[in-house]
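Undergrad: next come a sequence and a model predicted from it.
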Amino acid sequence: QKEVEQDPGPLSVPEGAIVSLNCTYSNSAFQYFMWYRQYSRKGPELLMYTYSSGNKEDGRFTAQVDKSSKYISLFIRDSQPSDSATYLCAMTRNQAGTALIFGKGTTLSVSS
Amino acid sequence: GAVVSQHPSWVICKSGTSVKIECRSLDFQATTMFWYRQFPKQSLMLMATSNEGSKATYEQGVEKDKFLINHASLTLSTLTVTSAHPEDSSFYICSARDRLATHEQYFGPGTRLTVT
């Protein structure tokens, strides 16, 4: 079993839809959870960053972490064509210098 | 926001030559930088972790003599692909961890390497 599992998709939705992206993980030591957005042939861009369990909202984006279920989600409201990209979840333990463990990424396409 | 640059953004080289890729944190100090490789439609695969002033730590299966990493300052790390072969063609991305916010990583724009 991989440490972080993420359905690669692709996921296609119409403009304005609510998008739900998810990752599961196996290592209960993970404390910090991130979502990155990557456009084609570009480096990943940090979207959301959450510590431990709970919700975090930033504009149209909401990140949720459920540590009891080892499950994290990213919700995108009112999706736009510009949201079309690959979304990568990433997580790390509570130790400085520890590398991020990434999911495979989910490719999202929002059609106008 | 934190900015990480990479140079070059795209390079083509002949088989057997060496290529150096630079990664710079522009507005923050990075005690740790990471080098990733990404093949088409695949996720990022960590190659090595680089701490300023010390030797890099390589992931299993990554040849340290082929992928030379130098992290000489708090804002610069370099990856040199030695004796490149076509199978080394990939997208190489660095990230830097802010010294003051150790759990966040900021990624560079990536370098596309094509070995002919």
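TA: Received it, and whenever you're ready, just let me know what you need. Numbers count the residues shown, from 1 in each chain, chains lettered A, B, ... in the order given.

Undergrad: show me what contacts A:S28?
TA: Neighbouring residues of A:S28 by C-beta atoms under 8 Å, 6 or more residues apart in numbering or on different chains: A:K67, A:K70. Yep, even glycine has a C-beta here, placed from its N, CA and C like the rest.

Undergrad: wait, I meant B:S5
TA: B:C23, B:R24, B:L26, B:G108, B:P109.

Undergrad: same thing but 6 Å
TA: Contacts for B:S5 (C-beta atoms under 6 Å, 6 or more residues apart in numbering or on different chains) come out as B:R24, B:L26.

Undergrad: repeat for the one 10 residues further on
TA: For B:S15, the contacting residues are B:H85, B:V115, taking C-beta under 6 Å, 6+ apart as the criterion.

Undergrad: looking at this, it is in a helix?
TA: No - according to DSSP: H, G, I helix; E, B strand; the rest coil, B:S15 belongs to no helix; its state is coil.

Undergrad: how about it, phi and psi?
TA: Phi and psi for B:S15, reported as degrees, to the nearest 10, are phi -60, psi 130.

Undergrad: any idea how far it is from B:M47?
TA: Separation of B:S15 from B:M47 (C-beta to C-beta, to the nearest Å): 20 Å.

Undergrad: go on, B:I21?
TA: Counting by C-beta to C-beta - B:I21 and B:M47 are separated by 11 Å.

Undergrad: how about B:A30?
TA: To B:M47, B:A30 is 17 Å away according to C-beta to C-beta.

Undergrad: neighbour count: these two, which is higher?
TA: B:A30 (28 against 24; other C-beta atoms under 10 Å in any protein chain shown).

Undergrad: so what pairs up with the residue lying closest to that one once chain neighbours are set aside in the strands?
TA: Nearest residue to B:A30, sequence neighbours excluded (C-beta to C-beta, 6 or more residues apart in numbering or on different chains): B:A96, at 3.6 Å. On the basis of DSSP bridges, B:A96 is bridged to B:M33, B:Y106.

Undergrad: A:L108 now?
TA: A:L11, A:A85.

Undergrad: touching, it and A:V13? I think so.
TA: No - the pair A:L108 and A:V13 does not pass the contact test of C-beta atoms under 6 Å, sitting 7.3 Å apart.

Undergrad: settle it for me: which of those two has more neighbours?
TA: Applying other C-beta under 10 Å to A:L108 and A:V13 shows that A:L108 carries more neighbours, namely 20 against 17.

Undergrad: where does chain A dip in pLDDT?
TA: For chain A, the stretches with pLDDT under 70 are A:1, A:94-97.

Undergrad: enumerate the residues of it near chain B.
TA: Where chain A comes near chain B, counting by C-beta under 6 Å from any C-beta of the partner chain, the residues are A:Y32, A:K42, A:G43, A:P44, A:A96, A:G97, A:A99, A:L100, A:F102, A:K104, A:G105.

Undergrad: all good on my end, thank you.
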